[in-house]
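> can't give you the sequence, but here's the structure:
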């Protein structure tokens, strides 16, 4: 397949999957604030959040299926596949948030710069570090002898 065909094939799922991710984050934040101020952090009310999240998934899936219906015929199996794609896109976005204990992905160039800085700061035994340590020790000995 060409890239344009792939882009058109998954455009609706990606759009509605990202909407589902954004709406679920907003829903979670709103529910957390509601739970913090009104419900005094009761653990029994988390099922309400799961219920609203499932309703949100159903709503977003119906919108995506309706949009795909204008492009081609949608069967029952393809509806299930669309719902799974939307859920997996949401899961992908959520997993990117939690990657490396909250550290975000770095572009390749910034990663190389950080690795270079780490290797320069490490004090491994090499000729330059040995020379610097020798000069420091000779300076200390000279200052001690002068006292």
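Structure's in. What do you need? Computed from a predicted model, the values in this text were never measured in an experiment.
> quick one: low-confidence ranges for this structure?
Applying pLDDT under 70 to the chain flags residues 1-9, 39-44, 98-126, 147.
> would you map the helices across it?
When assigned using DSSP state H, the helices of the chain occupy the ranges 3-37, 46-71, 76-97, 108-121, 127-146.
> dump those into JSON lines; add mean neighbour count as well.
For the C-beta atoms, the positions are set from N, CA and C on the backbone; glycine is no exception. Shown next, in JSON lines, are the helices of the chain (neighbours: other CB atoms under 10 Å):
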{"stretch": "helix 3-37", "mean neighbour count": "14"}
{"stretch": "helix 46-71", "mean neighbour count": "14"}
{"stretch": "helix 76-97", "mean neighbour count": "14"}
{"stretch": "helix 108-121", "mean neighbour count": "10"}
{"stretch": "helix 127-146", "mean neighbour count": "9"}
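> for residue 73, what are phi and psi?
Torsion angles at residue 73 (phi, psi; degrees, to the nearest 10) stand at phi -70, psi 130.
> what sits against it?
Residue 73 makes contact with no residue under the criterion CB atoms under 8 Å, 6 or more residues apart in numbering.
> with residue 68 instead?
With contacts defined as CB under 8 Å, 6+ apart, residue 68 is in contact with 12, 74, 78, 82.
> and those, which is closest to residue 59?
Comparing these against residue 59 with CB to CB places residue 82 closest, at 13.4 Å.
> re earlier: among the contacts of residue 68, which pair sits farthest apart?
Taking CB to CB as the measure, those span a maximum distance of 11.9 Å, between 12 and 78.
> which one of the contacts of residue 68 is nearest residue 45?
Proximity of these to residue 45 was ranked by CB to CB; the top entry is residue 82 with 30.7 Å.
> and the gap between the closest one and residue 96?
Taken as CB to CB, to the nearest Å, the spacing of residue 82 relative to residue 96 amounts to 22 Å.
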